[in-house]
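Participant: Provided below for reference: sequence and predicted model.
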Amino acid sequence: MTQGTTLSLRPQPEAVVPETAMVMAAGLGKRMRPLTATRPKPLVEVAGKPLIDHVFDRLRTAGVKRAVVNVHYLADQMEAHLRARVKDIDVLISDERAQLLETGGGLVKAREMLGDKPFLCVNSDNLWVDGPTDAIRSLAAQWDDARMDALLLVVPLARAHNHPGSGDFRLDAFGRIVERREPGRMAPFVFTGVQILSPRVLRDWPEGPFSTNLFWNRAMEAERLWAVVHQGLWFDVGSPPAIAATEAVLAEM
């Protein structure tokens with residue numbers, strides 16, 4: 001599979017977007033210092049609004065009805081912002097003030113709020129622009145519960161703006177994720193921070209903090225880890241220099 005290949009798992013039916021989303025917002029934002037000295041990273045502004053507002057704009061457009069948001073660093077600010085800004089999506093708080101649980105542990109802590117149906121999971125420190133179709137709806141249209149435990153939105157490494165890494169995954173010709181990047185090598189696709197997960201993946205977890213990689217690896221071994229390639233713009237907004245770089249591209253649109 002070459003970089004930039006457009007994958008189509010199957011003809012797109014009418015998208016059934018999950019009603020519930022998990023918004024990952026509990027990180028410390030160390031790479032974004034000094035901007036995060038007095039505010040949590042999701043409240044850092046890019047293109048005129050906080051990162052988490054961009055996320056909620058996308059959730060709102062896609063038709064998501066409720067969002068579970070985990071909080072840890074400067075959690076009071078996060079909660080106050082969500083109360084003031086989000087009126088049309090039901091927001092539930094998964095409180096990690098006592099212990100930051102990383103992505104996998106955060107999902108486990110929030111599992112009862114996420115329900116028993118497939119749910120959307122979105123990182124709050126990335127920014128994307130839809131391509132010809134709404135990215136979340138495109139992801140939802142490809143979800144196949146019989147074949148999938150996780151469906152990730154990925155972007156070609158060559159189009160991953162500001163991304164400092166070497167890629168994350170290799171895909172087969174059908175869109176199944178078949179390989180994680182190995183140390184010292186590059187992989188053609190980068191995870192955008194947007195995915196649909198089945199509640200089935202939340203099982204047999206370790207105590208304390210751990211990464212979602214545990215669930216992905218299990219799904220990949222079972223040939224149930226899939227991807228859809230994002231056709232629009234995507235930005236890794238992880239550091240102060242990335243803000244200016246992102247805004248410069250958006251200003252040219």
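Facilitator: That came through fine. This is a predicted model, so every value here is computed, not measured.
Participant: direction included, what does the helix or strand of the chain with the lowest mean pLDDT pair against?
Facilitator: Between all helices and strands in the chain, the lowest mean by mean pLDDT, DSSP states H and E belongs to strand 177-180, at a mean of 89. The strands beside strand 177-180 in its sheet (DSSP bridges) come out as strand 169-171 (antiparallel).
Participant: chain center to the longest strand along the chain, what's the gap?
Facilitator: Determined from DSSP state E, the single longest strand within the chain is strand 189-197. Using CA atoms, centre = their mean, to the nearest Å, the mean C-alpha position of strand 189-197 is found 5 Å from that of the whole chain.
Participant: got the contact list for whatever helix or strand comes next after it?
Facilitator: Sequence-wise, the next helix or strand downstream of strand 189-197 (DSSP states H and E) is helix 213-221. Contacts to helix 213-221, defined as CB atoms under 8 Å, 6 or more residues apart in numbering, come from residues 104, 107, 148-150, 177-178, 180, 197, 201-202, 205-206, 225. To be clear about C-beta, it is placed using only N, CA and C from the backbone, and glycine gets the same treatment.
Participant: try it again at 10 Å.
Facilitator: Applying CB atoms under 10 Å, 6 or more residues apart in numbering, the contact partners of helix 213-221 are 102-105, 107-108, 148-152, 168-169, 176-180, 191, 195, 197-198, 200-206, 211, 224-226.
Participant: okay, now the unreliable bits of the chain?
Facilitator: 1-14, 184 (pLDDT under 70).
Participant: now do the helices in it.
Facilitator: 51-62, 75-85, 102-109, 111-114, 135-142, 213-221, 240-251 (DSSP state H).
Participant: R33 is nearest to which of the ones you listed?
Facilitator: helix 240-251 (8.2 Å; CB to CB).
Participant: tally of neighbours for the closest residue to G63 other than its chain neighbours?
Facilitator: Nearest non-adjacent residue to G63, counting by CB to CB, 6 or more residues apart in numbering: V17, 5.0 Å away. For V17, the count of nearby residues is 20 (other CB atoms under 10 Å).
Participant: do D88 as well
Facilitator: Using other CB under 10 Å, the number of residues around D88 comes to 8.
Participant: ok, it - contacts?
Facilitator: Contacts of D88 (CB under 10 Å, 6+ apart): 56, 59-60, 65.
Participant: right, and A187 touches R170 too?
Facilitator: Yes: A187 lies in contact with R170 (CB atoms under 10 Å); the separation is 5.5 Å.
Participant: list the residues that contact both of these two?
Facilitator: Taking CB under 10 Å, 6+ apart as the contact rule, A187 and R170 both touch 179-181.
Participant: and of these, the nearest to I93?
Facilitator: For the shared contacts of A187 and R170, the nearest to I93 is R180 (31.9 Å; CB to CB).
Participant: give the contact list for that closest one.
Facilitator: R180 neighbours (CB under 10 Å, 6+ apart): 167-170, 187, 213, 216-217, 220, 225.
Participant: then F210?
Facilitator: Counted by CB under 10 Å, 6+ apart, F210 has contacts 101-108.
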